[in-house]
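Student: With the input below, show me the fold.
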Amino acid sequence: MGKSLNENTYVEEAEQIIQILKQENKRLISTSKLRNILSMLAGLYNRVVHSQEKNTLEKDIQSDLKYCKMRCAYEAGRDPEVRKFVDKTHIMEYIDGIGNSKERFILYYRYVEALVAYHKYYGGE
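Tutor: Alright, predicted model coming up:
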């Protein structure tokens, strides 16, 4: 099992990470790259919330989530700013913590939404 999020602190964690990234780098990850990550997950999120399964992720959704992790790795390998973002936010590690839990996936998606929101709030381009 990978690293996991806390439902009571994920918003604060997202804000704190964006603040740290902003202090360390004058330039944050581009909004378009961040939105690309979110849009990959948005399709999965819609499938998850409309799934007939009560508590578990269907196998095809679990597989697509692994694909999202691979895409994050690819983008991080191409761009140092994305790499810093991926490393600091633990978004790849948190995918491993989801397992087959519908609840943990929804929390993960909300965490990524919080990262996008605070990125915009703190002046992401």
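Student: all helices of the protein, in order?
Tutor: Assigned by DSSP state H, the helices in the chain fall at 10-24, 31-49, 59-78, 80-89, 91-98, 102-121.
Student: Out of the ones you listed, the one nearest residue 3 is which?
Tutor: helix 91-98 (4.2 Å; C-beta to C-beta). Where C-beta positions appear, they are placed from N, C-alpha and C, glycine not excepted.
Student: Let me know the distance separating the most far-flung residue of the chain relative to its centre from residue 68.
Tutor: Residue farthest from the centre of the chain, counting by C-alpha atoms, centre = their mean, is residue 52 at 23.8 Å. Counting by C-beta to C-beta, to the nearest Å, the gap from residue 52 to residue 68 is 22 Å.
Student: got it, and residue 102?
Tutor: In terms of C-beta to C-beta, residue 102 sits 16 Å off from residue 68.
Student: Residue 80 now?
Tutor: In this view, residue 80 and residue 68 are 21 Å apart by C-beta to C-beta.
Student: between the two, who's got more neighbours?
Tutor: residue 68 (17 against 11; other C-beta atoms under 10 Å).
Student: Return the residues in contact with the more buried one.
Tutor: Residues near residue 68 by C-beta atoms under 8 Å, 6 or more residues apart in numbering: 37, 40, 41, 44, 95.
Student: Tell me who's in contact with the residue farthest from the centre of the chain.
Tutor: Listed by C-beta under 8 Å, 6+ apart, the contact set of residue 52 is empty.
Student: Selecting buried members of the contacts of residue 68 in PyMOL, what would you type?
Tutor: Burial among the contacts of residue 68 is assessed by 16 or more other C-beta atoms under 10 Å; the matching PyMOL selection reads:
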select buried, resi 37+40+41+44+95
